[in-house]
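**Q** With the input below, show me the fold.
(one chain, ligands or ions: 2)
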Amino acid sequence: SVGKKHTFWETQPVGQFKDLGDVSLPEGPIEPPTPLSEVKQVPYNLPTPYEWTTCDLDSEDTCTEVYNLLKNNYVEDDENMFRFNYSKEFLRWALHPPGYYKSWHIGVRAKTNKKLVAFITGVPARIRVRDAVVKMAEINFLCVHKKLRSKRLAPVMIKEVTRRVHLENIWQAAYTAGVVLPTPITTCQYWHRSLNPKKLIDVGFSRLGARMTMSRTIKLYKLPDSPATPGFRKMELRDVPAVTRLLRNYLSQFVVAPDFDENDVEHWLLPEENVVDSYLVESPETHDITDFCSFYTLPSSILGNQTYSILKAAYSYYNVTTKTPLLQLMNDALIVAKQKDFDVFNALDVMQNESFLKELKFGPGDGQLHYYLYNYRMRNALKPSELGLVLL
Ligand SMILES: CCCCCCCCCCCCCC(=O)CSCCNC(=O)CCNC(=O)[C@H](O)C(C)(C)COP(=O)(O)OP(=O)(O)OC[C@H]1O[C@@H](n2cnc3c(N)ncnc32)[C@H](O)[C@@H]1OP(=O)(O)O
Ligand SMILES: CN(C)Cc1n[nH]c2ccc(-c3ccc(F)cc3OCCn3ccnc3)cc12
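**A** Ligands and ions are numbered 1, 2, ... in the order given. Next comes the predicted model:
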């Protein structure tokens with residue numbers, strides 16, 4: 001990272017490690033927009049055996065190809081015990097938000113057998129940075145087949161998605177990664193709350209605590225059968241205006257956060273089975289909607305275990321409280337996640353999550369998630385608690 005030669009990233013309009021500490025550099029865009037006529041009109045060159053393809057995820061066959069590429073070649077944990085296993089319905093949800101561009105769902109195929117060997121995506125988002133709302137691309141699902149690694153394919157993928165985003169007159173991007181690149185705007189820790197401790201220990205995700213028996217461990221993580229908060233219920237379409245008001249107000253306190261409107265809230269937060277779950281508290285007296293919590297479904301394949309092949313994980317998404325204590329609301333989220341047979345509930349230490357992690361028996365994860373902006377300099381790094389953005 002800091003000592004490394006980032007020969008690609010040193011050519012890009014991102015905060016450079018050498019600039020750290022240079023307080024004379026202003027916050028905001030690093031490079032001005034280019035006139036559209038000057039944006040490269042043709043795709044970047046790929047190595048000879050490969051060709052570009054645009055992936056239409058509404059096509060069952062193409063969606064299956066993307067699913068399988070990611071299932072076999074996407075992000076693994078540091079010990080290569082788990083690999084993300086994003087479902088097809090999750091990928092369609094993640095990549096078809098309001099105003100999405102099919103041209104930003106970019107694949108690479110081998111010319112000979114037409115096999116999909118690489119992928120990168122962008123979706124449009126309005127991201128507020130302090131009091132500036134910036135049109136950005138959220139970049140995700142960068143994946144090169146394991147057999148084609150370390151051939152400098154990633155920089156070409158990144159340049160191509162950048163070119164296609166520029167063609168839509170968008171000049172900034174947001175992305176996250178488990179690796180350190182020039183230059184994180186913040187670095188978050190992730191935490192795990194066991195829901196099915198026996199399975200987690202059997203697969204090696206967790207270890208039996210010192211002086212702990214299995215039955216003692218199961219009892220430690222036991223949860224009530226139903227939520228404690230009166231008026232706690234699933235979100236419905238009719239709740240979109242109220243949830244949008246609640247969420248916009250809550251997110252206004254963070255330095256970087258999405259600028260969600262009702263269309264965005266309907267897409268990103270309306271419950272969809274096996275994709276995203278959202279609950280709210282409707283006051284039994286006034287029928288006001290006072291609180292909201294949500295989590296998304298992202299299983300991981302368990303690599304090399306005879307008994308289990310899938311780890312069912314829920315990931316904390318957006319949570320807002322105005323009346324219910326956050327601790328109580330999140331405990332209710334754990335309760336419904338357990339009811340839905342999740343094995344573990346994951347959360348980053350962003351927003352106000354720090355306030356409930358230890359008390360609700362989350363344990364620290366073994367890695368970090370770094371947040372990045374492209375072509376937008378931050379005066380100095382943020383604390384995770386100043387970040388109001390969760391990328392899938
Ligand atoms: C205005 C619009 C702008 C839009 C674009 C914005 C920017 C969007 C940026 C993308 C955001 C994606 C976010 C996202 O999807 C969430 S992070 C998850 C990324 N995917 C995975 O980890 C899956 C498994 N790994 C792979 O498939 C490969 O290892 C990948 C493809 C990761 C790298 O393939 P490779 O065969 O291992 O490596 P080479 O081709 O030989 O290339 C080496 C160069 O790639 C740099 N590298 C490595 N990992 C990276 C990463 N995660 N982001 C950015 N850069 C990354 C590396 O530093 C080096 O550059 P340097 O020499 O300068 O250090
Ligand atoms: C965010 N989105 C871009 C996917 C992504 N890319 N790189 C990552 C590195 C860590 C996390 C992460 C985020 C939150 C969390 F609670 C646990 C995490 O990873 C655990 C380790 N792991 C990796 C695969 N299976 C298990 C996500 C990502």
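**Q** which regions of the chain sit below the pLDDT cut-off?
**A** 1-2 (pLDDT under 70).
**Q** Please list the residues of it that sit near ligand 1.
**A** Applying CB under 6 Å from any ligand atom, we find that the chain lies next to ligand 1 at 6-9, 73-75, 137, 139-144, 149-155, 158, 161-162, 165, 170-173, 175-177, 179, 181, 374-375. To be clear about C-beta, it is placed using only N, CA and C from the backbone, and glycine gets the same treatment.
**Q** Let's see which of these end up in helices.
**A** Members of those lying in helices (criterion: DSSP state H): 73, 153-155, 158, 161-162, 165.
**Q** Give me the buried subset of these.
**A** Neighbour counting by 16 or more other CB atoms under 10 Å classes 73, 153-154, 158, 161-162, 165 among these as buried.
**Q** pretty sure residue 146 contacts residue 74?
**A** No. Counting by CB atoms under 8 Å, residue 146 does not reach residue 74; the two are 10.1 Å apart.
**Q** Between the two, which has more neighbouring residues?
**A** residue 74 (17 against 9; other CB atoms under 10 Å).
**Q** Do a quick rundown of the helices in this structure.
**A** For the chain, the helices defined by DSSP H occupy 60-73, 88-95, 153-167, 197-202, 214-220, 240-251, 262-269, 326-339, 354-357.
**Q** will you turn those into a markdown table that also has distance to residue 15?
**A** Output for those, formatted as a markdown table (distance: least, CB to CB, whole Å):
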| stretch | distance to residue 15 |
| --- | --- |
| helix 60-73 | 29 |
| helix 88-95 | 26 |
| helix 153-167 | 16 |
| helix 197-202 | 37 |
| helix 214-220 | 43 |
| helix 240-251 | 24 |
| helix 262-269 | 27 |
| helix 326-339 | 32 |
| helix 354-357 | 25 |
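**Q** Closest one to ligand 2 out of the ones in helices among the residues of the chain next to ligand 1, please.
**A** residue 73 (12.3 Å; CB to the nearest ligand atom).
**Q** doesn't residue 145 make contact with that closest one?
**A** Yes. Assessed by CB under 8 Å, residue 73 is found in contact with residue 145 at 5.2 Å.
**Q** Kindly check the end-to-end length of stretch 120-139 for me.
**A** For stretch 120-139, the separation between the terminal residues is 7 Å (CA to CA, to the nearest Å).
**Q** ah, wrong one, I meant stretch 44-60
**A** Termini of stretch 44-60 sit 28 Å apart (CA to CA).
**Q** picking up where we left off before, out of the residues of the chain next to ligand 1, which are close to ligand 2?
**A** 75, 140, 176-177.
**Q** Tell me which of these fall in strands.
**A** Counting by DSSP state E, those place 140, 176-177 in strands.
**Q** Report how many residues lie close to whichever residue of the stretch 251-392 of the chain sits closest to ligand 1.
**A** The nearest approach of the stretch 251-392 of the chain to ligand 1 comes at residue 374, 3.8 Å away (CB to the nearest ligand atom). Other residues near residue 374 come to 20 when the count uses other CB under 10 Å.
**Q** got it, and residue 114?
**A** Neighbours around residue 114, by other CB under 10 Å: 10.
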